[in-house]
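Trainee: How does the following fold in three dimensions:
(4 chains)
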2 protein chains.
Amino acid sequence: MKKTVFVFSALIVALLLLFKLSEYTYLSGNISIEIAIGTVAIVFFIVGIYINKKSLKKEKIDFIDHQKIEELGISKREYEVLVQISKGFSNKEIADVLFLSESTIKTHVSNLLVKLDSKRRTQAIQKAKDLHILPV
Amino acid sequence: MKKTVFVFSALIVALLLLFKLSEYTYLSGNISIEIAIGTVAIVFFIVGIYINKKSLKKEKIDFIDHQKIEELGISKREYEVLVQISKGFSNKEIADVLFLSESTIKTHVSNLLVKLDSKRRTQAIQKAKDLHILPV
DNA sequence: TTGCCACTCATACTAAAGTACCAAAAACAC
DNA sequence: GTGTTTTTGGTACTTTAGTATGAGTGGCAA
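Mentor: Coordinates of the predicted model:
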């Protein structure tokens, strides 16, 4: 957010500078008004691409629908397990990284499968990504 | 590709029109050179965003690294199985949609796990997506 | 403080997944 | 056409995943 504000401020400054440049151009006999306009076009074209790229990354990679997670009644611990599942870990491995027993993981997984209306963990991963409750 | 050419042609025409406008502005006493520049800025900003969006869609959704698939020695049939796995189907279900026996699917999956250096199908899915041999 | 809920864990079971090894038909290259 | 790879499939086995059920703990709200 801070970065966005900064970028837009810079843009406005650039625009003002160009206005000033256009004044000089006018005073000095309007030698290269085309170059000024062309420059503005190129600069804003590139800035447009840059900003879009940034915002798309945020949307597609970071966007998690917390609303949906709540709707499905998925608890904090269950969600942690879901994340580990999507990384391809086994129940035993998940148990180790979360300092729990494998039984506990199995319980969480079983609950997750019900809440995500899935028969297998692979299907749960797919569904979770479709629902944007896991990063794609 | 045709669309891209069309868009860029339109852009050049727009730029030329703006050059013409700037001439008129100059002749008529340079009333609103700022407006002209501002317009160019906004137009090219939006066009930049638009074009970027189009190209990103193609890149992120359609891009499959066939080179990599060959490198890993994954055969056609094996790849078909991999796709089904990533959709969350069981071996039995995959066998049904591909009209094969479950034994055959197991063989393919086992080979896939070796080729993708994975211990489980969930890990294989993750790896395949990382390597861009499966759509994200 | 009582009751609900999330979290934890266990046992016992069934169902999938995955391994190892073998083998035969089909496709493909040389 | 012969050799190689792909594809198919089987048996027998081990491992992992998932279900069902019960139960204890701690937090939190009415």
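
Trainee: Leaving out chain neighbours, which residue sits closest to whichever residue of chain A sits closest to chain B?
Mentor: Nearest residue of chain A to chain B (CB to the nearest CB) works out as A:Gly48 at 2.4 Å. Glycine gets a C-beta too; all of them are placed from N, C-alpha and C. Spatial nearest neighbour of A:Gly48, chain neighbours left out: B:Gly48 (2.4 Å); criterion: CB to CB, 6 or more residues apart in numbering or on different chains.

Trainee: Quick check, A:Lys87 in contact with B:Ile125.
Mentor: No. A:Lys87 lies out of contact with B:Ile125 (CB atoms under 8 Å); the separation is 10.2 Å.

Trainee: Output stretch A:119-134 as PDB, nothing but the C-alphas.
Mentor: Written as PDB, here are the backbone C-alpha positions of stretch A:119-134 (Å, rounded to 0.1, in the frame of the first residue of the first chain):
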ATOM      1  CA  LYS A 119     -13.100 -38.300  -0.700                       C
ATOM      2  CA  ARG A 120      -9.300 -37.900  -0.900                       C
ATOM      3  CA  ARG A 121      -6.700 -35.400   0.200                       C
ATOM      4  CA  THR A 122      -5.800 -34.800  -3.500                       C
ATOM      5  CA  GLN A 123      -9.400 -33.800  -4.200                       C
ATOM      6  CA  ALA A 124      -9.400 -31.600  -1.100                       C
ATOM      7  CA  ILE A 125      -6.300 -29.800  -2.400                       C
ATOM      8  CA  GLN A 126      -8.000 -29.200  -5.800                       C
ATOM      9  CA  LYS A 127     -11.200 -28.000  -4.200                       C
ATOM     10  CA  ALA A 128      -9.400 -25.700  -1.700                       C
ATOM     11  CA  LYS A 129      -7.500 -24.000  -4.600                       C
ATOM     12  CA  ASP A 130     -10.700 -23.600  -6.600                       C
ATOM     13  CA  LEU A 131     -12.300 -21.900  -3.600                       C
ATOM     14  CA  HIS A 132      -9.300 -19.700  -3.100                       C
ATOM     15  CA  ILE A 133      -8.600 -20.800   0.400                       C
ATOM     16  CA  LEU A 134      -5.200 -22.100  -0.600                       C
END
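
Trainee: Is that stretch positioned near chain B?
Mentor: Yes. Stretch A:119-134 is in contact with chain B by CB under 8 Å from any CB of the partner chain, via A:119-127.

Trainee: Contacts for that stretch, please.
Mentor: Residues outside stretch A:119-134 that contact it (CB atoms under 8 Å, 6 or more residues apart in numbering or on different chains) are A:63-65, A:68-69, A:72, A:74, A:79, A:82-83, A:85-86, A:109, A:112-113, A:116-118, A:135-136, B:85-90, B:121-122, B:125.

Trainee: ok, and which of these reach DNA strand C?
Mentor: Among these, the ones lying near DNA strand C by CB under 7 Å from any atom of the strand are B:90, B:121-122.

Trainee: Pick out whichever of those residues sits closest to chain A.
Mentor: For those, the nearest to chain A is B:Thr122 (4.3 Å; CB to the nearest CB).

Trainee: which residues of chain A fall in helices?
Mentor: For chain A, the helices defined by DSSP state H occupy A:2-27, A:33-57, A:66-71, A:76-86, A:91-97, A:102-115, A:121-130.

Trainee: Contact partners for the residue nearest to A:Gly48?
Mentor: Residues in contact with B:Gly48, defined by CB under 8 Å, 6+ apart, are A:44-49, A:52.

Trainee: Would you single out the least confident of the helices of chain A?
Mentor: Ranked by mean pLDDT, these bottom out at helix A:2-27, which scores a mean of 63.

Trainee: Would you map out the domains in chain A?
Mentor: Chain A breaks down into these domains under automatic domain parsing: A:2-62, A:66-130.
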